[in-house]
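Asker: just coords:
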Ligand SMILES: Nc1ncnc2c1ncn2[C@@H]1O[C@H](COP(=O)(O)OP(=O)(O)OP(=O)(O)O)[C@@H](O)[C@H]1O
Ligand SMILES: Nc1ncnc2c1ncn2[C@@H]1O[C@H](COP(=O)(O)OP(=O)(O)OP(=O)(O)O)[C@@H](O)[C@H]1O
Ligand code: SF4
Ligand SMILES: [Mg+2]
Ligand SMILES: [Mg+2]
């Protein structure tokens, strides 16, 4: 990986009581890139997002943002750090303040972080942001409920951009949208990213969307990273059995003996993570060792890594 | 399931003891001296002191309270100052009336509330629904004793269907008992039944829009069954919450009703005992009411668990 | 032209029974005292053994069409047009006779089995209620049959599951129960409303496999509602594409997913990220609100091929191509 990492985590772990939501997650997101996090429901993607934004405290592990140790930040310093990290959620209805006009939504984060010299300047910037996401300036004085789902997501993107963040964490930003609108938003996010050079952590369960958006991809299962690497390696030569199964479960993939399903059973509860390899209860290749030993990450070249005992052979 | 019940039971303990402590303190801090009341104006200071010592009133408050607590656990609540006999013997004479009155009122309220709520919901926004909703608003805004007087005037004085007042115990024949308790129970329950009607109506409206109701219909089940066993089952769960609160209100409201209908219940007994500064009897009465309320709530919690398996398996 | 004879049956040559036939089916709902059309002129048919997809974006009227077929539209709805199930006109049936078709002739699979199954009734009770009512089985015979059905849909320990409740099951298991329930009375038509949308991909694959197996085993006609064109290509024989309450195209699944004729269908395909990384081509604008459909072709404001002619409503026309509602369909021009 050439570019220096903007965001780095080491051994990031989060437990909610005896639910181990995220375990030992190492991430390294190069500045200016889009990093994809995929995995089934409950695999811990949103928890990682909330951890790296310090919306929740990790149980253990490190998070570095550039030169800054995020875990050590407190009070005012943390508040100033927040300007550099913004989030876009799945449901813009839930994340936009319904009682604020779009204009207020776009100027408030600016004034909170002391951006812009006066209201007029902040408002002008708000209008520029709207133009950038393809909405008319007239939208400034309207309320979120007057917009369609896709338009609300545009507003959420404009708000995220308002503080000129270095990192945007997008948690399932297009999952609630129809395909035709989804394509508009995906293109918009790609353009934004190219234009501002923003680093992006992009979370989705849709493998096709992740492939379209992301340079680097990490595949999560039961709170752990199973495999990660550059896009072409993950999609063209996945090495972890889970990644392989996930990719061949996408509708339209070739069937084997007329069957689509490559995996039996369902993701176990995070209350009782299997011993050894977390994936072994569903893995078609699991053997004795998988039960007793946690597999380590194997370097597979070009930055691709996977945690599976098969790779030892 | 057992754990759930044990947890509910532990949660109920404070609901018994907090009112007891409050009553204990209020009585002692309020002006008025039971010894003085009992002995009359002519009593000498010596006589008063002797009686105080006999009643334990010369001890500091915490000691009095501990002694009384000990009494609860040894089932000895002391002697009624007025009746001059053990509280444990006085209370049962009055408690039965109040418990029966509350139970019948609660049952009436639930039945009326559920039936009217369902009828109203199934006739959403037509004249039947509007009629029910309007009556419910009336029922909620009118006080119990007013209802009591209205019922007496209508059914007892004008129509002569029921006795005007007085108490017939169940042992004297169920019909006579029913006749004597029906109006008081109705008066006591009507306000709560109006609340339950509203609750049942809105919860039924919500449930009728649930996908599992559509599933039941899509399975071909007749509408009667869809409503009767699929919708009402879930819609009645919130009504139970109201029933728990209602039991509390009813035990309180029983005072007024017992006085209007001249029923020899705990409510009336308590009012008189307070006036006479009969500490042991008041405390015994409050303890009984708290216990009854606690048991009712426990039963309601049990019903919850029966109706909603999601609670049982938590 | 009637919608039945537009494309050859999958087993060409043999006469296959038409199970469901909708002709100009329309649903209107009273909104603020006025009837507002939600769907209009929906025409298509489904044969025995065939899986027909009903595709389109959110709000285009897929679920409304399904509920009209079931006879369970929202209260106050006005359903117009013609609807035949196993050759019988069903729109004029009494509510009771209509209800009798549910379960026994039509099975329904919902998107969200968690909310579509009763939260406080045992699974066994829900299944046996259906079996007893529709097939007249005794409770114990129904219980045996229910266990067999659960076994058939791949549920381990069916007897225990029958005693349990929905919230105790995982998402995939719930959908299996839903499928067993829908098939329990041997219907000839199964309508599945986005049965895999709420599931993870690996579970979606399992459920699609199961539905395919059950479709063959029970030899049912299936109406499969989805918004995912890849699933259409993967699972269905034919597809009916809806837009703004209208059927805009009816063709084989292969045609719809690879060489569609309607500009909207084309737009849908181009909007989905594929394996290539070339820039997506979104359809501009957004779906018109109900009650605010444009006159003429409802897709015209978003269509790149639109001309003046599109101000007139195009008919749903077939031959020589599959049925398309468009004045300027892709591939050859119409004469
Ligand atoms: N606040 C919380 N308290 C308890 N458990 C939690 C909490 N938040 C998340 N979890 C659990 O942590 C695990 C990971 O959840 P998370 O939301 O991160 O998954 P996800 O990958 O984002 O899934 P989805 O695709 O459904 O959004 C799950 O088992 C979840 O139940
Ligand atoms: N009860 C109702 N009252 C008013 N409008 C309704 C009602 N139900 C549905 N609609 C409207 O009818 C239109 C069609 O809805 P329908 O549920 O059929 O869409 P759909 O194609 O199934 O979409 P989705 O993919 O989101 O499920 C939508 O615009 C919806 O808002
Ligand atoms: S009729 Fe016209 S506007 Fe409508 S889809 Fe065809 S070309 Fe486009
Ligand atoms: Mg999430
Ligand atoms: Mg739908």
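Answerer: Structure received. Everything numeric in this text was worked out from a predicted model, so none of it was measured. Ligands and ions are numbered 1, 2, ... in the order given.
Asker: Of all residues in chain C, which one is closest to ligand 1?
Answerer: residue C:200 (8.0 Å; Cβ to the nearest ligand atom). (Each C-beta comes from the backbone N, C-alpha and C, glycine too.)
Asker: And residue A:105, which helix or strand is it part of?
Answerer: Taking DSSP states H and E as the criterion, residue A:105 maps to helix A:102-112.
Asker: Quick one: mean pLDDT for that helix?
Answerer: Averaged over helix A:102-112, pLDDT sits at 90.
Asker: for stretch B:222-231, same thing?
Answerer: For stretch B:222-231, the per-residue pLDDT averages 93.
Asker: cool, stretch B:171-181 as well?
Answerer: Rounded mean pLDDT across stretch B:171-181 is 78.
Asker: Am I right that residue B:187 is in a helix?
Answerer: Yes - assessed with DSSP: H, G, I helix; E, B strand; the rest coil, residue B:187 lies in a helix.
Asker: Quick check: the most centrally placed residue in chain C vs ligand 2, distance?
Answerer: Nearest to the geometric centre of chain C sits residue C:225, at 3.3 Å (Cα atoms, centre = their mean). Relative to ligand 2, residue C:225 is positioned 7 Å away (Cβ to the nearest ligand atom, to the nearest Å).
Asker: so that residue, which of the three states?
Answerer: Residue C:225 ends up strand, using three-state DSSP.
Asker: show me the contacts for it.
Answerer: Going by Cβ atoms under 8 Å, 6 or more residues apart in numbering or on different chains, residue C:225 touches C:53-55, C:62-63, C:66, C:191-194.
Asker: which among those residues gets closest to residue B:148?
Answerer: The shortest approach to residue B:148 among those belongs to residue C:63, at 52.9 Å (Cβ to Cβ).
Asker: hang on, isn't that closest one packed against residue C:197?
Answerer: No - contact criterion Cβ atoms under 8 Å: residue C:63 and residue C:197 do not qualify, at 11.6 Å.
Asker: Compare these two and say which is more crowded by neighbours.
Answerer: residue C:63 (18 against 14; other Cβ atoms under 10 Å in any protein chain shown).
Asker: so what's that one up against?
Answerer: C:193, C:225.
Asker: In what element of secondary structure is it found?
Answerer: helix C:62-70.
Asker: can you map out the strands along chain A?
Answerer: A:5-16, A:19-30, A:34-38, A:60-65, A:68-69, A:85-88, A:167-171, A:199-203, A:216-221, A:224-230, A:297-299, A:305-307 (DSSP state E).
Asker: Can you name every helix or strand that the helix holding residue A:105 contacts?
Answerer: helix A:119-132, helix A:149-161 (3 or more Cβ pairs under 8 Å, 6 or more residues apart in numbering or on different chains; DSSP states H and E).
Asker: which one of those helices lies closest to residue B:300?
Answerer: helix A:149-161 (43.0 Å).
Asker: And ligand 2, is that closest one touching that?
Answerer: No - counting by Cβ under 6 Å from any ligand atom, ligand 2 has no neighbours in helix A:149-161; the shortest distance is 10.6 Å.
Asker: elements contacting that helix?
Answerer: strand A:85-88, helix A:92-95, helix A:102-112, helix A:119-132, helix A:179-196.
Asker: weakest of those in terms of mean pLDDT?
Answerer: Across these, the lowest-scoring stretch is helix A:92-95, with a mean of 72.
Asker: Can you check the pLDDT for the nearest residue to residue C:200 once chain neighbours are set aside?
Answerer: Distances taken as Cβ to Cβ, 6 or more residues apart in numbering or on different chains put residue A:40 closest to residue C:200, at 4.0 Å, once the chain neighbours are dropped. If you check residue A:40, the pLDDT there is 91.
Asker: repeat for residue B:160
Answerer: pLDDT at residue B:160 comes out at 74.
Asker: That one and residue A:248, how far apart?
Answerer: Remark: distance between residue B:160 and residue A:248 (Cβ to Cβ, to the nearest Å) = 84 Å.
Asker: ok, these two, which is more surrounded?
Answerer: residue A:248 (19 against 9).
Asker: from what I can see the more buried one touches residue A:262, true?
Answerer: Yes - using Cβ under 8 Å, residue A:248 is in contact with residue A:262, at 5.2 Å.
Asker: Could you pull out the strands in the stretch 201-335 of chain C for me?
Answerer: C:221-226, C:238-243, C:246-252, C:323-324 (DSSP state E, counting those that start in this stretch).
Asker: Now that we have these, can you turn them into JSON lines and tack on mean pLDDT and distance to residue B:25?
Answerer: Shown next, in JSON lines, are the strands of the stretch 201-335 of chain C (pLDDT from 0 to 100; distance: least, Cβ to Cβ, whole Å):
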{"stretch": "strand C:221-226", "mean pLDDT": "96", "distance to residue B:25": "67"}
{"stretch": "strand C:238-243", "mean pLDDT": "96", "distance to residue B:25": "72"}
{"stretch": "strand C:246-252", "mean pLDDT": "94", "distance to residue B:25": "75"}
{"stretch": "strand C:323-324", "mean pLDDT": "90", "distance to residue B:25": "84"}
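Asker: ok, back up a step: quick one: which of the helices and strands packed on helix A:102-112 is nearest residue B:35?
Answerer: helix A:149-161 (74.6 Å).
Asker: Give me the contact list for the closest one.
Answerer: A:86-89, A:92-93, A:95-96, A:102, A:105-106, A:109, A:126, A:129-130, A:132-135, A:139, A:144, A:147, A:168, A:173-174, A:176-178, A:181, A:184-185, A:188-189, A:192, A:196, A:198, C:286.
Asker: what's the offset of it from the middle of its chain?
Answerer: 17 Å (Cα atoms, centre = their mean, to the nearest Å).
Asker: and the angle from it to helix A:102-112?
Answerer: Orientation check (axes from the mean of the first three to the mean of the last three Cα atoms, to 10 degrees): helix A:149-161 against helix A:102-112 gives 20 degrees.
Asker: and chain B, what are its domains?
Answerer: B:34-76, B:88-307 (automatic domain parsing).
Asker: and the longest one, does that touch chain C?
Answerer: Yes - Domain B:88-307 comes into contact with chain C when judged by Cβ under 8 Å from any Cβ of the partner chain, the residues involved being B:210-212, B:214-223, B:225, B:229-230, B:233-234, B:237, B:307.
Asker: now that domain, how far from the centre of its chain.
Answerer: 9 Å.
Asker: Ends of that domain, what's the gap?
Answerer: End-to-end distance of domain B:88-307 (Cα to Cα, to the nearest Å): 37 Å.
Asker: Any part of it near ligand 2?
Answerer: No - using Cβ under 6 Å from any ligand atom, domain B:88-307 stays clear of ligand 2, coming no nearer than 8.9 Å.
Asker: about what we covered before: ok, which of the strands of the stretch 201-335 of chain C comes nearest ligand 3?
Answerer: Here strand C:246-252 is closest among these (Cβ to the nearest ligand atom), at 7.1 Å.
Asker: can the closest one be found next to ligand 2?
Answerer: No - Strand C:246-252 lies out of reach of ligand 2 by Cβ under 6 Å from any ligand atom, never closer than 11.6 Å.
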